[in-house]
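[1] The following block contains a protein sequence and its predicted model.
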Amino acid sequence: MLGTQKQSDTINDCEKNTKKGFRHKINDKKRSFVLCFFVVLLAFSTTACSTFERFSDTLKDQADEDTIKIGILEPMSGEDAEAAKAEIIGIELAHEAYPEVSGKKVELIYADHRSEISYVETAAKELIDQGVVLAIGSYGNSYSLAAGSVFKEAEIPIIGATCNNPLVTVGNPYYFRVSIVDSFQGTMAAKYVYNDLDKETAIVMKASGDDYGTALSQHFSDKMTAMTGEKDAVSMTLEYKKGAINFGDQIKQLKSAGNYPVYLPCSPEDAAMILKQARRAGLENVFIGTERWYQDSLLEESGTYAEGIVFTTFSDIEASLSENSAKFFEAYEEKYGEEEPKSAVVLGYDAYLLAIDALARLEYSQTFAKETENTTEAAVKIPKLDSLRDALAATKEFKGATGSLSFGESGDPIKPVVFMTVQNGEFQYKYTATPEWGS
């Protein structure tokens, strides 16, 4: 409003002076002088307006110095809106708990890509145009892949909450994530078989043509081979048609193979059907699954046949992974009641916390560097961070709600994996496996 009024006053002054000049008679000799005067005056008016606009922008920039903008790239409408809501709940819950960083207010800027892959780049550019220093998102691996190049080109980091496709971070130094990649679950499942079950042989069962199951199975098999030194550590790989009803042939082969652990990375629907038929056939194999099994539908469909199963996941209320874990669950219960939060909620929470942590470390690093510019000995106490991307990449043992998180050479996290089981018809926390570097 102030800018508009001053510009209007300046223009009105120009008009008054111009009209006043032309009310007087002028002869031919003076005409050129007046014309020149008018041109100069008009130029001054334009310059004055431009000067004010620049001054107004400067004031705006100064105001923005007290605000840090974090972008939220999600499908807030369309077919994936409901699924993405869990991530957003977690992000907003964390923002309520930590609305500031280094004395500056954090503002969340939202961009809805409408669950349309063709609109992701547009939505991502909207965030960049609004001056975000970092973004969080998106739900859905395909959307994350589409957004990656935009943020890479703008050199603005983005943190994925639940995207777990390995390709999201490959070749993109600006994409990070808090979720465990699919391959890592397979690796940790193999370590469970070898270290906890004390077995050097296992069986893989997966849906044919399923990229998810294929990727996890491959990493499970590779890790089993690496740990045992035996190329046939996975003695059998059984495939079935996704959504099948009859698993008679696979059950017969499992019976003949022996009582070895079965790695089964599949949907809860397929798992329930396989468990029922396997147990009815008298099989006592330990079936090991993934975070997809952490659904009430698995218990409802399989009933007592789910007893003793084991699966990997990201977090559980009984795991008590860190102080932030307890803080998250307390905040969630206070706002949403006793209903157990989805994994996506706590991952969204951690994505925001990770952003805040990196921003704080960057601010501290730069402040420390200025204060110790001429003190070589003091300056080596902390690493010099030149950008927010560097701060994220340098993350080591960050204590999030889902446990300790570190980044290696890529934007994929090295973090604990929670193992769950089923006892007396209920999901039960088993233990937390903390990986070592390079594991």
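    Sure, I can see it. Residues are numbered from 1 along each chain as shown.
[2] how's this structure carved up into domains?
    Domain ranges of the chain: 2-55, 68-180+318-407, 183-313, per automatic domain parsing.
[3] Out of those, the one nearest Lys430 is which?
    Of all these, the one in closest proximity to Lys430, counting by C-beta to C-beta, is domain 183-313 (6.7 Å). All C-beta atoms are positioned from the backbone trio N, CA, C, and that covers glycine.
[4] for the stretch 51-200 of the chain, what are the low-confidence residue spans?
    Applying pLDDT under 70 to the stretch 51-200 of the chain picks out residues 51-64.
[5] can we see that at 50?
    Applying pLDDT under 50 to the stretch 51-200 of the chain picks out residues 51-63.
[6] any idea where the strands of it begin and end?
    67-74, 100-101, 104-112, 134-137, 158-160, 175-177 (DSSP state E, counting those that start in this stretch).
[7] Could you save those strands as CSV and add columns showing distance to Lys231 and mean neighbour count?
    Output for the strands of the stretch 51-200 of the chain, formatted as CSV (distance: least, C-beta to C-beta, whole Å; neighbours: other C-beta atoms under 10 Å):
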stretch, distance to Lys231, mean neighbour count
strand 67-74, 43, 23
strand 100-101, 50, 16
strand 104-112, 48, 17
strand 134-137, 41, 29
strand 158-160, 34, 30
strand 175-177, 32, 27
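[8] picking up where we left off before, what's the closest of the domains of the chain to Val422?
    The minimum distance between Val422 and the domains of the chain falls on domain 183-313, with 4.6 Å, by C-beta to C-beta.
[9] Quick one: end-to-end length of that closest one, please.
    End-to-end distance for domain 183-313: 13 Å, by C-alpha to C-alpha, to the nearest Å.
[10] ok, and the closest non-adjacent residue to the residue most central in space within the chain?
    By C-alpha atoms, centre = their mean, the chain has its centre lying nearest to Gly160, at 1.8 Å. Counting by C-beta to C-beta, 6 or more residues apart in numbering, Gly160 lies nearest to Arg177, which is 3.8 Å off, once chain neighbours are set aside.
[11] show me what contacts that neighbour?
    Counting by C-beta atoms under 8 Å, 6 or more residues apart in numbering, Arg177 touches Ile159, Gly160, Ala161, Cys163, Asn164, Val168, Thr169, Ala351, Gly411, Asp412, Pro413.
[12] between the domains of the chain, which gets nearest to Phe427?
    Using C-beta to C-beta, the domains of the chain put domain 183-313 closest to Phe427, at 6.8 Å.
[13] Keep only those of the contacts of Arg177 that are in helices.
    When DSSP state H is applied, these are split such that Ala351 fall in helices.
[14] Serialize the contacts of Arg177 to a markdown table and add fields for distance to Val181.
    Compiled in a markdown table, the contacts of Arg177 are given as follows (distance: C-beta to C-beta, whole Å):
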| residue | distance to Val181 |
| --- | --- |
| Ile159 | 14 |
| Gly160 | 10 |
| Ala161 | 13 |
| Cys163 | 9 |
| Asn164 | 5 |
| Val168 | 8 |
| Thr169 | 8 |
| Ala351 | 15 |
| Gly411 | 10 |
| Asp412 | 5 |
| Pro413 | 8 |
